[in-house]
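Q: Give me a 3D structure for the following:
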Amino acid sequence: MHVQEWLDTVPAAAVYAVVALVIGLESLGVPLPGEIVLVSAALLSSQHGGVNPVVLGACATAGAVVGDSIGYAIGRKGGRPLLAWLGAKFPRHFSEGHVATAERSFEKWGMWAVFFGRFVALLRIFAGPLAGVLHMPYWKFLTANLLGGIAWAGGTTAVIYYVGVVAESWLKRFSWLGLVLAVLIGLTSMLVIKRKAKRAAHESAEAKTDAEPAVAAE
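A: Down below sits the predicted model:
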């Protein structure tokens, strides 16, 4: 079912709750289409007087920040075994290559990996748990998490809302284009991450192969 059509059938309070819940669970580490739900709800708010874009943006931001924080706590407590378990349960999202790519991003960018990761589909799922596993200081994580949540959730809501207001008559007939655009952006970022993950996995395999003769020689 079309996401926006479904959201249009429920009360405004339920729209806020669904957006906050889906984004919160995605940020916690559960692979869910948070970006698609947010874009659909923001577009709905531009055409539906009952859905307030300010409240929607606040709920999306709260879901992102709280979800990431819970993910951080779980990752800090679960450690590496948690990543191994997630890899077994969700191999498409938490494979060894994806984890290696995310770790390299954290090592290179630190807290900014959390901030910019909010704008990339797969890193959005990784950011909280991985920051906890790597024992990033919580104040750094919270700062980047809060800023990233406001920029991504609030910014996306504002942009889609104003686009909907300006082009309301056009979007009533072609509202699906907003979803298609969100999906294309998500797929593109996912393909880039997958490509990097495969490269990281290949490099890791080569490193292990090179290390074996050295061990045998000893």
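
Q: alpha carbons only for contacts and neighbour counts from here, please
A: OK.

Q: Confirm for me that Gly132 is in contact with Arg80.
A: No - assessed by C-alpha atoms under 8 Å, Gly132 is found out of contact with Arg80, at 10.1 Å.

Q: of those two, who's got more company?
A: Shown here are Gly132 and Arg80; by other C-alpha atoms under 10 Å, Gly132 has more neighbours (24 against 14).

Q: May I have the secondary structure class of the more buried one?
A: With DSSP: H, G, I helix; E, B strand; the rest coil as the basis, Gly132 sits in helix.

Q: For it, give me its contacts.
A: 71-77, 79 (C-alpha atoms under 8 Å, 6 or more residues apart in numbering).

Q: So which of those belong to helices?
A: Among the contacts of Gly132, DSSP state H puts 71-77, 79 in helices.

Q: just the buried members of those?
A: 71-76, 79 (16 or more other C-alpha atoms under 10 Å).

Q: any weak-confidence spans in this structure?
A: Residue ranges of the chain with pLDDT under 70: 1-5, 48-49, 83, 85-99, 166-183, 185-187, 189-190, 193-194, 196-198, 200-218.

Q: from the contacts of Gly132, which is closest to Ile125?
A: Gly71 (9.0 Å; C-alpha to C-alpha).

Q: any chance of the ones in helices among the contacts of Gly132 in JSON lines, plus distance to Leu184?
A: Below are the ones in helices among the contacts of Gly132 laid out as JSON lines (distance: C-alpha to C-alpha, whole Å):
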{"residue": "Gly71", "distance to Leu184": "26"}
{"residue": "Tyr72", "distance to Leu184": "28"}
{"residue": "Ala73", "distance to Leu184": "32"}
{"residue": "Ile74", "distance to Leu184": "31"}
{"residue": "Gly75", "distance to Leu184": "30"}
{"residue": "Arg76", "distance to Leu184": "33"}
{"residue": "Lys77", "distance to Leu184": "35"}
{"residue": "Gly79", "distance to Leu184": "33"}
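
Q: secondary structure element for the residue lying closest to Ile74 once chain neighbours are set aside?
A: Take Ile74 and drop its neighbours on the chain: the residue closest to it by C-alpha to C-alpha, 6 or more residues apart in numbering is Pro129, 6.3 Å away. Element membership of Pro129, judged by DSSP states H and E, is helix 121-133.

Q: got it, and His135?
A: Using DSSP H and E, no helix or strand contains His135.

Q: so what's it up against?
A: Applying C-alpha under 8 Å, 6+ apart, the residues near His135 are Arg76.

Q: State the phi and psi torsions of it.
A: Main-chain torsions, His135, degrees, to the nearest 10: phi 60, psi 40.

Q: which residues in this structure form helices?
A: In the chain, the segments counted as helices under DSSP H are 3-7, 12-28, 34-47, 53-89, 96-109, 111-117, 121-133, 138-149, 155-166, 168-174, 176-217.

Q: Double-check Ala78 against Leu130; I have them as touching.
A: Not quite, residue 78 is Gly, not Ala. No - using C-alpha under 8 Å, Gly78 is not in contact with Leu130, being 10.2 Å away.

Q: doesn't Tyr72 make contact with Leu82?
A: No - using C-alpha under 8 Å, Leu82 makes no contact with Tyr72, being 11.8 Å away.
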